[in-house]
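> this one's sequence-less:
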């Protein structure tokens, strides 16, 4: 079957609830009266306000010992309600005595193992109230219904209860006949999201094991109180060969399925797959000698519950995974993750035909409680940026004449520099790298021919890195000094040396300098990357690093001949992407048309010529990153706004870093210096009042300017409450208690945008049909396309954007995972949901938001988010490594 280019419909994998059949089904809830006290004790004994009780192994033990349990104790209340910690089960549930008994044993184990430096008498005194609350708990399981859970906006139970109930209903339907295979189904524990469906292990013709996993998620759309159930199918792969290397700083997961009751006195045992985290996963890059182990306390707690013995050494399972998949014994499955060695021979995902067949099974089996949603209609297909065409290698609108492409690209780069002199420094150590760097800058990106020269405004500088700088960190640990402190000192010493060297490349404050630097191949721990990045920032230089080549210059300049060579392909991709990121994305290049910028795109989207002449596009997001004490980095939570002006120039604004709009280049330097000066292990966060003031000023200063504001609701809603789906309103923007209405902001258009996140936009298949039963032509969307959602309900309009298909052309969408499609990687683009909230040009605003899902630095494919938001996120990602490096070095220039 020929591949569809622009399918007329999308079939989203979502369902409405049939409340007449589902509403009165029961769930059971057990509330803890001691969980909050346990967290209080943890903070007291650790003398840290961020410390909480280690309760993971209690929940794991209760789940392993109990009948079907959705999740163990966790916080379910919605802010600003008082903290509420609850356990959730369906029709079956463990007895209160079992839970309280395990809680007492858990408290013993946790307190005795977590605070070795605290006196036993202090622990005993601090925990008296905790033991009293556990011992004399009068809490009982309370029965409630689906309808009651859905209507309780103060409690998040519904997000676990509904998907878990639906999963259990699906499994109760028995096995399925699927392409001449009989598939048996069971349940799997899904962290905080409750229970999901998983098939019995399947074998492909290429060998190795996989399972079909079906996950349900409760979701809402802005403007409607009627919920959806989103359905996701994924390929869960298991290790069959011994695990050689996992992923650095990541726990592995072993799934446990008990075939006999854990307690010999019990007659039944649930067969739900329980997730057991494994610490100290072996990795090739790690010098760690500690053996792998299961989560502390889990097996001790099972022993106290008089459970029978189960495997306690994950190393045995890692070394002989097939031995532990015997169907007559307890099963232990090592869950494969990308990056593991050996690699799994099965690709990820499923083809369109396989997904369609599984969704047909879901629709038929759950028809009594779920009703499928309607198809989404194509609004506009093959809808992409014309202004970026000169940068796109596969774009038909790109100039064919190399001289015209060269001229367009050079002029676009010059326009982004805003008249400032620009130095491009190529700093290499190996001669092959030196030639490759120059080739990729001049010939691959700027299409230089033999007689072309650089404009006077741009200077290309080629230098060889001195021996004393091309080296890993030299860590000199003094007696009694922490290893992390000695590493920081090594970074500071090397950074100081690099800073002195780099000073020669920036002679005036008005110059822009972009440095592409080769760094030695070494472990992450000894990598000089962060030290060099700090030196560059202190000298006002933006940088990109690259490790040594694995192939050679001849192959990289003759890929037509060597395109099947793995090392050449690997190096070509690294060089191309690094070069693009440095001289295009970090430079703030926005188009391939230096005269009109993005104006032609604005007009094709539907804006008037007058509006397009002055239009400013603003993307705003919240960048978040969890603490990393290994690197000395605290939590990061900062809003970033990036705007593209009518002339194509890019500017950024960051609270407490640059409160006024500054050039994108300068914003990166300011943010980098702010991170360097941040105290080691301290958080870098912006509080809600500061953000609200920042946003109010931003809106006010664009009152008279034609403006499109694109808000990343998925990231911003935690600090901007108005963006939550139940708060959003048409024709109104609320910031704190202040409202911004259309009559006073006639030039402002606002688009609310939501990315996939944890299942917030559904999966789909593309088809010309309108139902799953007829969708035998199911395929993917090959071209960047925009679809309208008329099934959302409410007054708000909803659209879904899908980017261009990239690197997926060889995957046969008719192939099955268990046969000829075993080795294929079925990548499917995520949908982005867009809702016009305010403004006189809602359709044009949606269209340009879709068009802007592109970057000149990406020669094919699309960015996940619109370009201004993409620029905001990458701006912070560039500088994030500088958090956790104390700035104690002074440079004498």
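Arrived safely. Owing to the predicted nature of the structure, the values given are computational and were not obtained by experimental measurement.

> Just give the nearest non-adjacent residue to residue 216, would you?
residue 163 (3.8 Å; CB to CB, 6 or more residues apart in numbering). (Glycine included, C-beta is placed from N, CA and C.)

> wait, that neighbour sits on residue 214?
No. Using CB atoms under 8 Å, residue 163 makes no contact with residue 214, being 10.2 Å away.

> Let me know the secondary structure of residue 560.
Of the three states, residue 560 takes helix under DSSP: H, G, I helix; E, B strand; the rest coil.

> Tell me the pLDDT of residue 235.
For residue 235, the pLDDT comes out at 89.

> Give me the distance between whichever strand or helix holds it and the centre of its chain.
For residue 235, the host element (DSSP states H and E) is strand 228-238. Put simply, strand 228-238 sits 17 Å off its chain's centre (CA atoms, centre = their mean, to the nearest Å).

> next one: stretch 351-362
Relative to its chain's centre, stretch 351-362 lies at 26 Å (CA atoms, centre = their mean).

> swap in stretch 134-154?
With CA atoms, centre = their mean, you get 33 Å for stretch 134-154.

> Show me which residues of stretch 222-232 are buried.
222-224, 227-232 (16 or more other CB atoms under 10 Å).

> can I get the residues you listed in TSV with pLDDT?
Formatted as TSV, those follow (pLDDT from 0 to 100):
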residue	pLDDT
222	94
223	91
224	92
227	94
228	96
229	96
230	96
231	95
232	92
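
> For residue 691, state which of those residues is nearest.
Residue 691 lies nearest to residue 222 out of those, by CB to CB, at 20.8 Å.

> Tell me the secondary structure of the closest one, please.
Under three-state DSSP, residue 222 falls in the coil class.

> any common contacting residues for residue 163 and residue 214?
Taking CB atoms under 8 Å, 6 or more residues apart in numbering as the criterion, residue 163 and residue 214 both touch residue 196.

> how distant is stretch 36-50 from the center of its chain?
Per CA atoms, centre = their mean, the centroid offset for stretch 36-50 relative to its chain is 30 Å.

> which residues touch the residue nearest the centre of the chain?
The centroid of the chain falls nearest to residue 757 when counting by CA atoms, centre = their mean (7.0 Å). Neighbouring residues of residue 757 by CB under 8 Å, 6+ apart: residue 714.

> How confident was the prediction at it?
In this prediction residue 757 is given a pLDDT of 81.

> Please, where are all the strands along the stretch 51-200 of the chain?
69-75, 85-89, 142-145, 176-178, 181-183, 185-189, 195-199 (DSSP state E, counting those that start in this stretch).

> need the next SSE after the last one, C-terminal direction.
Read it as strand 195-199. Per DSSP H and E, the helix or strand that comes after strand 195-199 is strand 202-203.

> what are the pairing partners of that next one, and which direction each?
Strand pairing for strand 202-203, using DSSP bridges, gives strand 209-219 (antiparallel).

> pLDDT (mean, whole number) over the strand it pairs with?
Computed over strand 209-219, the average pLDDT equals 93.

> just the angle between it and strand 185-189, please?
Per axes from the mean of the first three to the mean of the last three CA atoms, to 10 degrees, the angle that strand 209-219 makes with strand 185-189 is 70 degrees.

> Show the contacting residues for residue 551.
Contacts of residue 551 by CB under 8 Å, 6+ apart are 562, 565, 567-568, 570-571.

> Confirm it sits in a helix?
No. Counting by three-state DSSP, residue 551 is not found in a helix; it is coil.

> And the pLDDT for it?
At residue 551, pLDDT is 94.

> who's in contact with residue 663?
418, 588, 649-652.

> Beta-bridge partners for it, please?
Assigned bridge partners for residue 663, using DSSP bridges, are residue 651.

> And for stretch 20-36, what's in contact with it?
The contact list for stretch 20-36 (CB under 8 Å, 6+ apart) reads 17, 53, 55, 70, 73, 83-91, 93, 96, 99, 103, 130, 133-134, 137, 139-147, 149, 157, 161, 165, 368-369.

> Return the distance of stretch 106-113 from the chain's centre.
Centre-to-centre, stretch 106-113 and its host chain are 34 Å apart (CA atoms, centre = their mean).
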